[in-house]
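Undergrad: no sequence on this one, just coordinates:
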């Protein structure tokens, strides 16, 4: 019998708040972290979602020493803050995995450097965070463009089921940087205003930054790590990641990779399209991505399922987006509330979708979370509220 894998705890650090409750309350009120920010000197401001650095340092100093503040980058502070309350509640063992999901890591350390700083290597970033909390196992890094956050859940699930680990802490994070902004700007992919996923007038993404963390374990763990006092449990029913190898940056026009990822994840989860209660989609607000997603969802007969994108609230947080949006999806299920897809007004894709337009109260048991990214990567995971 295969082990059942559960997410039993989570936390997030975003421009909307430094814990899950503050984020959820902000979303209920329709607040967004997207605003004009000057990211690159001598260039016009971009619409992006950025954590206030002063507030970040203030929050960091509440939990860590002044000496720690001097030793960590902005991204590292975000990661530590998101992980801290989870590690505090769940003891580490020789069988506890530490998984870091990130797309660019400490890329900002490269600025004005003639040699590569040690901290820019993802392995060094993971080791630094793991060592701070005292993890006893070698860190695992998931860096696969914008599907990294969703794939990190899959990696934890599959490794625990394979008996490699008893439980896992997954943390995901990416920060705003000149490098990332310049890259997306060179593709002419950055929106002229707050992004509008699936909308007729969408014209590009807003880059965001965030950190998110989840605790994943098995109900068959020898140590019984799921206690009767847990506030919630979400079973990770199925997962899949498929690369359609379409293009280095452009998504498949037929949605092949995303379609196959969803199909495989739902097959493993043994749920039908009619059983899915809610889809947390990728929804970047670029012309081609949103169209591709609409095609893939229709191929899976999911066009009637309520769907949203969180990019209008958080921007696109790269490797953190999939994990952060999974957390918000689980909060939606716990509160029996669907959050609207912000800035959506008029359908701008050729295939029908049931885009959520306002806060809705409904029972949510089965969640489908999807993500897609550069290089043709796609991922999907099915979660069940227990």
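TA: That came in fine, so what should we check first? These figures come from a predicted structure and were not determined experimentally.

Undergrad: looking at this, residue 24 is in a helix?
TA: Yes. Under DSSP: H, G, I helix; E, B strand; the rest coil, residue 24 falls within a helix.

Undergrad: how close does the nearest residue to it once chain neighbours are set aside get to residue 316?
TA: Distance criterion C-beta to C-beta, 6 or more residues apart in numbering; nearest residue to residue 24, sequence neighbours excluded, is residue 331 at 5.0 Å. (C-beta placed from N, C-alpha, C; glycine too.) Per C-beta to C-beta, to the nearest Å, residue 331 is found 20 Å from residue 316.

Undergrad: quick one, which of the two is more surrounded?
TA: Ranked by neighbour count (other C-beta atoms under 10 Å), residue 331 and residue 316 place residue 316 first, with 30 against 20.

Undergrad: Which positions are bridged to the more buried one in the beta structure?
TA: residue 207 (DSSP bridges).

Undergrad: buried stuff in stretch 114-129?
TA: Within stretch 114-129, the residues that count as buried by 16 or more other C-beta atoms under 10 Å are 119, 120, 122, 125, 126, 127, 128, 129.

Undergrad: now stretch 356-371
TA: 356, 364, 366, 367, 368, 369, 370, 371.

Undergrad: In a markdown table, list those residues along with secondary structure.
TA: Below are the buried residues of stretch 356-371 laid out as a markdown table (three-state DSSP):
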| residue | secondary structure |
| --- | --- |
| 356 | coil |
| 364 | coil |
| 366 | strand |
| 367 | strand |
| 368 | strand |
| 369 | strand |
| 370 | strand |
| 371 | strand |
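
Undergrad: For those, which two are the farthest from each other?
TA: Maximum pairwise distance in these, criterion C-beta to C-beta, is 19.2 Å, between 364 and 371.

Undergrad: now the helices: where do they sit in this structure?
TA: For the chain, the helices defined by DSSP state H cover 20-28, 53-63, 66-71, 74-89, 122-133, 148-161, 178-186, 256-269, 287-299, 311-314, 321-335.

Undergrad: Which one, of those, ends up nearest to residue 347?
TA: Using C-beta to C-beta, the helices of the chain put helix 287-299 closest to residue 347, at 8.9 Å.

Undergrad: Any buried residues in that closest one, and which?
TA: Neighbour-count burial for helix 287-299 flags 289, 290, 291, 292, 293, 294, 295, 296, 297, 298, 299 (criterion: 16+ other C-beta under 10 Å).

Undergrad: picking up where we left off before, how close does the residue nearest to residue 24 get to residue 205?
TA: Counting by C-beta to C-beta - residue 331 and residue 205 are separated by 23 Å.

Undergrad: In the stretch 251-386 of the chain, where is pLDDT below threshold?
TA: Scanning the stretch 251-386 of the chain for pLDDT under 70 picks out nothing.

Undergrad: Which residue, other than its chain neighbours, is closest to residue 45?
TA: Nearest to residue 45 is residue 36, by C-beta to C-beta, 6+ apart, at 4.3 Å.

Undergrad: Next one: that neighbour from residue 94, what distance?
TA: 49 Å.
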